[in-house]
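Trainee: Fold the following and give me the result.
(one chain, ligands or ions: 1)
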Amino acid sequence: MDISEKYTEFGPMRTLVALSEYTTLRVGGAAAMFFEPQKPEHLAELLTQLEIDGIAWKILGAGANSVPADAGFDGAVIHTGSMRRIFRDGDGFRVWAGASLPSMIRAAYELELSGLENLIGVPGQLGGALAMNAGSAEWGVWDVVENVTLWVPGIGDHLKIEQHDRQSLNPQYRNGNLQQKVVLEALINLKKSSKPEIKHAQETLLRAKNASQPVTVPSAGCAFKNPPGDSAGRLLDKSGLKGLRVGGAEVSSKHANFIINCGDATAADVTELLKQMHAAVIEKQQVDLEYELVVW
Ligand code: EPU
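Mentor: Below you'll find the predicted structure:
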């Protein structure tokens, strides 16, 4: 049977889709198979079928932290961007994995619910944000999660879905601790507030980010995690790396922990630049920084 026929029940399958169109850094080759499920149930069924068929898969949300290889991915890439519904639930939301953080922030503002302000300016989707515990240096999105519904792999041909709360997963700074589990949806707890208060918090945070981060050029946010008690940006800056360039990829001169795409960067340029940044901070500051970007 033609494989695309077998997979039609999960929505249209596209082939040879350029991943550079789906990453904020604008790099990455083609995905052999590319799916955009419309609902969490479809995502779970699709993942189970791919596991049964032994087809390698990767989830791609807003691509705001991912560096797919120039050679692309010889398997199935599942883009969650069509699963973007947000439902009101008390003083919070039940949100599908593909809802964008900006849309959640807008909805919270309209309903006068506070708690998501720290995510202002972050271009991700909920699933990816939970996988990496996105946020600020001191705050992560898991701080407002009541529970998540996850697809769990490795159980033969039976679909397995689990619900977890924060305690059972124990997310850490920039690590949602999901292992190979995939977010289907989450229940988010917010607090009643007022539009002026939320707006003030959002504007203050956005102003600070606009002043310190290269927000108008393609990047994937911070390249490295902050080491305990310090800032990767400060260490990279102190190592003299601002402006360092490999091909079309450059260390931002505004914030040394951001790699920007000057127009024609490849994934190879980005990965080589990451290696040089990492080595320079070991050599000059004796700190072994951990990658935040996920290199495929
Ligand atoms: N700094 C420098 N030079 C630089 C960059 C920063 O000296 O080139 C110094 C700053 O002056 C400041 C300190 O380093 O004293 C910290 O910098 P900043 O306030 O910009 O925060 P950060 O720790 O670099 C963290 C998150 C960001 C988040 C901001 C604001 C990490 C790795 N980064 O940045 O998250 O937006 O706080 O909340 O935790 C991301 O993870 O992708 C990300 C952008």
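
Trainee: use CA for all of it now, contacts and neighbours both
Mentor: OK.

Trainee: Up against the ligand, what does the stretch 1-150 of the chain have?
Mentor: Contact residues, the stretch 1-150 of the chain versus the ligand (Cα under 6 Å from any ligand atom): 136-137.

Trainee: quick one: the strands in the stretch 1-150 of the chain?
Mentor: 13-18, 30-35, 57-60, 66-67, 73-79, 86-88, 92-96, 113-114, 145-151 (DSSP state E, counting those that start in this stretch).

Trainee: Tell me the gap between the fourth one and the middle of its chain.
Mentor: Looking back up the chat, that one is strand 66-67. Strand 66-67 sits 9 Å away from the centroid of its parent chain (Cα atoms, centre = their mean, to the nearest Å).

Trainee: quick one: the residue of the stretch 51-200 of the chain found nearest the ligand from E117, how far?
Mentor: For the stretch 51-200 of the chain and the ligand, the shortest gap (Cα to the nearest ligand atom) falls at S136, measuring 3.4 Å. Separation of S136 from E117 (Cα to Cα, to the nearest Å): 10 Å.

Trainee: So which of the two has more stuff around it?
Mentor: E117 (21 against 14; other Cα atoms under 10 Å).

Trainee: Can you check the pLDDT for that one?
Mentor: We have a pLDDT of 97 for E117.

Trainee: And S4, by the same measure?
Mentor: pLDDT at S4 comes out at 67.

Trainee: Numbering from 30 from now on, please.
Mentor: Done: numbering now begins at 30, and the last item shifts to S33.

Trainee: list the contacts for the spatially most central residue of the chain?
Mentor: Centrality entry for the chain: nearest residue to the mean C-alpha point is G157, 3.5 Å, by Cα atoms, centre = their mean. Residues in contact with G157 (Cα atoms under 8 Å, 6 or more residues apart in numbering) are 89-91, 126.

Trainee: 6 Å instead, please
Mentor: G90 (Cα atoms under 6 Å, 6 or more residues apart in numbering).

Trainee: Residues in contact with stretch 132-143: which ones?
Mentor: By Cα under 6 Å, 6+ apart, the list of residues contacting stretch 132-143 reads 219-224.

Trainee: Make TSV out of those residues and add pLDDT and neighbour count.
Mentor: Formatted as TSV, the contacts of stretch 132-143 follow (pLDDT from 0 to 100; neighbours: other Cα atoms under 10 Å):
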residue	pLDDT	neighbour count
L219	98	20
K220	98	15
K221	98	13
S222	98	15
S223	98	14
K224	98	15
